[in-house]
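Asks: coords please:
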Amino acid sequence: MTPTLVTGGTGFLGRRLVERLLAAGRSVTVLARAPAPDLEARGVRLIRASLDDAAAVRAACAGMETVFHVAAKVGVWGRHEDFFRANVLGTRAVLDGCRVHGVKRLIYTSTPSVVYNGRDLAGADESLPLTTRCPAAYPLTKAIAEREVLAASTLGHEGLQTVALRPHLIWGVGDPHLVPRILARARAGRLRIIGDGKNRVDMVHVENAVDAHLAAEAALAGVNPAAAGRPYFITNGEPVFLWDWINSLLAALGEPPVTKRLPLATAMALGGACELAWRILPLRGEPPLTRFVAAELAKDHWFSLAAVRRDLGYVPRVSMAEGLAELVTHLKGTGRTGLT
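Replies: As a prediction, the model looks like this:
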């Protein structure tokens, strides 16, 4: 049994990964802030700590052969220093722990936002440079962390080998973020089609994202060591017209479609004004719109899977149609339609 650490193992993606590792008979340790008595009852060793606790993060790597670094501070709004502390300093602590304790493999969960450039990304591949200018701290700090993770990878089987995976808009049954957010905003009348509504976007079903993580580990373990030190976009490989997909979901749940529109230039101006107001006034929560969100909702964001298919043998198992049908059935069955 390969001793394995999963940071963020109580989150949406992390928990699914842990469940798959347990099903394979693996010895699993989880580092997370949230309690998980159900996982502990199944033999998981739980370390309650945040990424801010560098000593705990380093110590958690002891005795591990593989580390899946899934945990991160995610969001479209917040202080840069908070994102830097979790995403950059936390990742540095993971890297330090891997080096000190002789960990063989590190699979880092990144994001396609690390190549944000403010333009449409249509069929984009891994040759795009990492962003250094973005109106949101999350992509900036994840880009710094990804660069350091990949730079830490060694050649051959001696030392630490690393891979960075960039899953885009992870969704599926149990998603606590994407779909509930869409439904809540649509019902509150706060959702607008930004731009012409014809932008194509990639998404990835959570089970496919887990497959990619396990495939990356297998590659580093010997299936294809040439994958070491490389990033990979992870999607379903089925770009959808974002607003058509959202309205299909709403229709399946008996909700009215989103029809109101907002030009991108207007949305960018409103986003900038909201950001300014939230910085200078004592306003709680996140702004209703930011420049980063406006751009993400209006532009193309779909990616080539050529590299990940070639190097990791990744083939999405759950299609967009299958995933949507499963999700709708689940939401109707719970009677909560995705809202917490």
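Asks: tell me the secondary structure for Phe233?
Replies: strand (DSSP: H, G, I helix; E, B strand; the rest coil).
Asks: measure it to Asp125 for me?
Replies: 7 Å (Cβ to Cβ, to the nearest Å). Every C-beta, even on glycine, is put in place using the N, C-alpha and C of the backbone.
Asks: find the residues that touch each one of those two.
Replies: 303-304, 307 (Cβ atoms under 8 Å, 6 or more residues apart in numbering).
Asks: and the pLDDT at the closest residue to Leu160 other than its chain neighbours?
Replies: Spatial nearest neighbour of Leu160, excluding adjacent residues (Cβ to Cβ, 6 or more residues apart in numbering): Cys98 at 5.1 Å. Looking at Cys98, its pLDDT reads 97.
Asks: what about Cys98, how many neighbours?
Replies: Residue neighbour count, defined by other Cβ atoms under 10 Å, stands at 26 for Cys98.
Asks: list the contacts of the host helix or strand of it.
Replies: Using DSSP states H and E, Cys98 sits in helix 90-100. Under the criterion Cβ under 8 Å, 6+ apart, residues 7, 50-52, 54, 57-62, 64, 67, 69, 71-72, 103, 106, 108, 145, 148-149, 152, 160 lie in contact with helix 90-100.
Asks: same thing with stretch 110-128?
Replies: So stretch 110-128 is contacted by 129-131, 134, 136, 138-139, 142-143, 145-146, 149, 164-168, 199-200, 202, 230-233, 292, 295, 299-304, 306-307 (Cβ under 8 Å, 6+ apart).
Asks: phi, psi for Arg200 please.
Replies: With angles defined as degrees, to the nearest 10, Arg200 sits at phi -100, psi 140.
Asks: report the beta-bridge partner residues of it.
Replies: Beta-bridge partners for Arg200, by DSSP bridges, are Phe241.
Asks: isn't it up against Trp243?
Replies: No: taking contacts as Cβ atoms under 8 Å, Arg200 lies outside contact range of Trp243: 10.4 Å.
Asks: so which of the two has more stuff around it?
Replies: Using other Cβ under 10 Å as the criterion, Arg200 and Trp243 rank with Trp243 on top: 24 against 19.
Asks: that one against Asp196, yeah?
Replies: No: the pair Trp243 / Asp196 is not scored as a contact, 9.4 Å apart, by Cβ under 8 Å.
Asks: ok, Leu262 - contacts?
Replies: By Cβ under 8 Å, 6+ apart, the neighbours of Leu262 are 192-194, 270.
Asks: make that Ile194, sorry
Replies: For Ile194, counting by Cβ under 8 Å, 6+ apart, the contacting residues are 261-264, 267, 294, 297-298.
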